[in-house]
Every structure is written in C-alpha cells, then in structure tokens.
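In: Sequence first, predicted model second:
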There are 2 protein chains.
Amino acid sequence: MNEFVHQRHKPPSELDRARELVLAVPQLRSNVNLARIIRTAGCCGINRVITSSNQRIDAKVARDSLEHITVERRRSLAPVLRELSSEGYSIVGLEQSSGSRNLHEFEFDRRSVLVIGHERDGIREELLGNLDQVVEIPVYGMPYSYNVATATSMALYEYCRQFPRG
Amino acid sequence: MNEFVHQRHKPPSELDRARELVLAVPQLRSNVNLARIIRTAGCCGINRVITSSNQRIDAKVARDSLEHITVERRRSLAPVLRELSSEGYSIVGLEQSSGSRNLHEFEFDRRSVLVIGHERDGIREELLGNLDQVVEIPVYGMPYSYNVATATSMALYEYCRQFPRG
C-alpha cells in the first residue's frame, strides 16, 4: 500500500526565465471569470495581462495574484496586438473558427499572446485578422462549451506543460 | 494574413468508446465549484461523478451537463473507491503530497478514478490510503494554489489529451 502524506503549500516550481506568455482578455460578461483567469495566470507564473475591459477584479477570487501581475487596461486590443506582433510575439486566439488547430497537438511559440474571447460572442470579428493562429479545445459532450475561465486554464496548462521552466 | 471565421457550436469530437474516467468529489465548500466541475466533466465526455456531498448542483452553472452525467451520492467515498479498485480502476488523487507525481509527466491508465480534494483541506486523510497514485500540478506563482475547479479542469484536459478518442 502506498503511504501518501499531505504536503500542502509546497514551494512553487522555479522558472529559469520569466514567462513570455501574455494574456489578452476582452471585456467579459462576468467579473468573476476575469478574476478567475487572473488567479490562474498568477499560479502559472504569467506576469502580464492586457485587457480592454474596465471591470473590477474581485480580490477575493484573484487572491494575491495581482502582486505579480501587471494588468494593463487598453481601450481596445487591436493596436496592442499589432505592437506585440511587431515585437515577435505569435498571436494565438482561443476560439472555434475555420482553420483552428487542436490544442492537444498545438506547439506554442515561447513568445506568445493568448487572446481570449467573450463568453457569448467569442473573439470579436475585428480582432480575428490580428491572429496568427487559432486553437480550440476538443469538446466531447454537453453542454458543448467550456466556461471561458476553464478554457483559459486548459490553454495555460498546455503552455506550461510545453515550457515547464519558462 | 490568415483569415479566420467564427464557427461557434461546432459538432463535438467523437469518442470511439465511452470514457472510463470516473470523478470522485468530496463535500466542497462551494456549490459553484461543484457545478463548475460537473460542467467541465460533461464537456470532457465523462459520464459518472461520485460525490459524498449533499450539495445542490446549480443548473445555471452546470448547464445541461447533467443530461449525460450520472451523479451518485454516497455517504462516504472510501467504500466506493475500494469497490472501483477491485473493478480494475486506478485510484488517482489530485493533491500535493509526499510521492506525488507531476501531472505534466503522468501517464493515466484509461480506467481511472480521479479523486478531488476539498478547497481548504484537500483529500481527507482517511482517503489517502485508498490512492494508488497522487498527481499534482506545478504552481509557479502567487497565489500558489489553483482553485479546485481549475485544477480539476487541467487534470481532465490532460486525461483527454492522452485519450482523445476515449
């Protein structure tokens, strides 16, 4: 028989270099989803979240992720995506679209921006032209769509799996 | 320039066989976490969730995942874990413990039970002896712990990645 003993609050895993993944988040319907995304990003070692929303970030949900994440508020995402693209970032949308690739098989560039969509409307039409790639997560059953914070968590997990040391 | 076009509500990915992953969930602090876990399980094609909680499952969060998931309520999880073990299931805890393995590198058995822990207290001490394996997800930054539904989503994603067709 295995004998497992709790070890809560283990020290975090170390990164050899700062994460080069940036999250771009539109105005969402739900403040809780935004805060959940930021908490997960914090746990994944992400330092930079850009959002076109003016939503409040609920500290009870986001916890102390905000101590290490800079949240940049922009009026719209298109200009900053173009800027990041010119700095060598791959712009990757998380969306169901024509030409979207399966996250299971997708290879991230280390230097990437992950663009999240709105709960109902997904990534705004006018941003689709800014994307280099689109990834989607296979859905196998009802209700046939992941919550936006859940989908973001899965994509962040996959990125960290590919770059476990940053 | 890539031209991506929205394709929302694509048909789901098909499974060649029913999923053999079972989720075991204790009494949680938050009904919303339970419902979020069930929604994600539904999207992943899971059919069976066993819980020792008597919590209400918020249909606004779980959506129609419940049409295809059987939620079995048990007084406690230990007997059913022993039962499933004798039916050939690997019992895998999602927890930080001594001897826990990194989810990034963990190979699931197709026939597995994923045992979730309580938000604060993790997997109850008396269940640790029922586990064949413990997996944990690397954390890189504050707040140093994933929300329970987030961690569950990541583990379900990893399982589906390993068994994309069931």
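Out: Okay, I see it.
In: switch to C-alpha atoms for all contacts and neighbour counts from now on
Out: OK.
In: Mind listing what's buried along the helix or strand bottoming out on mean pLDDT in chain A?
Out: Lowest on mean pLDDT, DSSP states H and E among the helices and strands of chain A sits helix A:59-62, with a mean of 88. Neighbour-count burial for helix A:59-62, counted by 16 or more other CA atoms under 10 Å in any protein chain shown, picks out A:61-62.
In: which strands and helices sit next to it?
Out: Counting contacts by 3 or more CA pairs under 8 Å, 6 or more residues apart in numbering or on different chains; DSSP states H and E, helix A:59-62 is packed against helix A:31-43.
In: Each with direction, which strands does the helix or strand following the least confident helix or strand of chain A pair with?
Out: Using DSSP states H and E, the helix or strand that follows helix A:59-62 towards the C-terminus is strand A:70-73. Next to strand A:70-73 in the sheet, as set by DSSP bridges, lie strand A:48-51 (parallel).
In: Contacts made by the partner strand with the rest, please.
Out: With contacts defined as CA atoms under 8 Å, 6 or more residues apart in numbering or on different chains, strand A:48-51 is touched by A:21-27, A:38, A:69-74, A:76-77.
In: at 10 Å instead, please
Out: When contacts are defined by CA atoms under 10 Å, 6 or more residues apart in numbering or on different chains, strand A:48-51 is touched by residues A:19-28, A:34, A:37-38, A:41-42, A:68-77, A:80-81, A:113-116.
In: Repeat that for stretch A:72-82.
Out: Counting by CA under 10 Å, 6+ apart, A:24-27, A:48-55, A:85-87, A:89-91, A:113, A:115, A:124, A:126-131 sit against stretch A:72-82.
In: Return the set of buried residues in that stretch.
Out: A:73, A:77-78, A:81.
In: give me every residue that touches the residue lying closest to A:Met142 once chain neighbours are set aside.
Out: Distances taken as CA to CA, 6 or more residues apart in numbering or on different chains place B:Ser65 nearest to A:Met142, at 4.9 Å, with adjacent residues excluded. Counting by CA under 10 Å, 6+ apart, B:Ser65 makes contact with A:141-144, B:35, B:38-47, B:59.
In: got it, and A:Pro11?
Out: B:138-141, B:144.
In: how much does the longest helix along chain A deviate in direction from helix A:31-43?
Out: Ranked by residue count, the top helix of chain A under DSSP state H comes out as helix A:148-162. Orientation check (axes from the mean of the first three to the mean of the last three CA atoms, to 10 degrees): helix A:148-162 against helix A:31-43 gives 10 degrees.
In: what are the C-alpha coordinates of helix A:148-162, in PDB please?
Out: The C-alpha trace of helix A:148-162 is given here as PDB (Å, rounded to 0.1, in the frame of the first residue of the first chain):
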ATOM      1  CA  VAL A 148     -14.200  30.900 -20.600                       C
ATOM      2  CA  ALA A 149     -12.100  30.700 -17.500                       C
ATOM      3  CA  THR A 150     -12.000  26.900 -17.700                       C
ATOM      4  CA  ALA A 151     -10.800  27.000 -21.400                       C
ATOM      5  CA  THR A 152      -8.200  29.600 -20.400                       C
ATOM      6  CA  SER A 153      -6.900  27.300 -17.600                       C
ATOM      7  CA  MET A 154      -6.600  24.400 -20.000                       C
ATOM      8  CA  ALA A 155      -4.600  26.500 -22.500                       C
ATOM      9  CA  LEU A 156      -2.400  27.900 -19.800                       C
ATOM     10  CA  TYR A 157      -1.800  24.400 -18.500                       C
ATOM     11  CA  GLU A 158      -0.800  23.300 -22.000                       C
ATOM     12  CA  TYR A 159       1.600  26.200 -22.400                       C
ATOM     13  CA  CYS A 160       3.200  25.400 -19.000                       C
ATOM     14  CA  ARG A 161       3.400  21.800 -19.900                       C
ATOM     15  CA  GLN A 162       5.400  22.700 -23.000                       C
END
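In: Which other helices and strands does that helix contact?
Out: strand A:21-25, helix A:31-43, strand A:90-94, strand A:112-115, strand A:133-136, helix B:31-43, helix B:148-162 (3 or more CA pairs under 10 Å, 6 or more residues apart in numbering or on different chains; DSSP states H and E).
In: can you list those in TSV and add distance to B:Phe108?
Out: Shown next, in TSV, are those (distance: least, CA to CA, whole Å):
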stretch	distance to B:Phe108
strand A:21-25	28
helix A:31-43	24
strand A:90-94	26
strand A:112-115	28
strand A:133-136	23
helix B:31-43	16
helix B:148-162	7
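In: right, and those - which one's nearest A:Val5?
Out: helix B:148-162 (19.0 Å; CA to CA).
In: Now do that closest one and strand B:21-25, the angle between them.
Out: Using the same axes, to 10 degrees, helix B:148-162 lies at 170 degrees relative to strand B:21-25.
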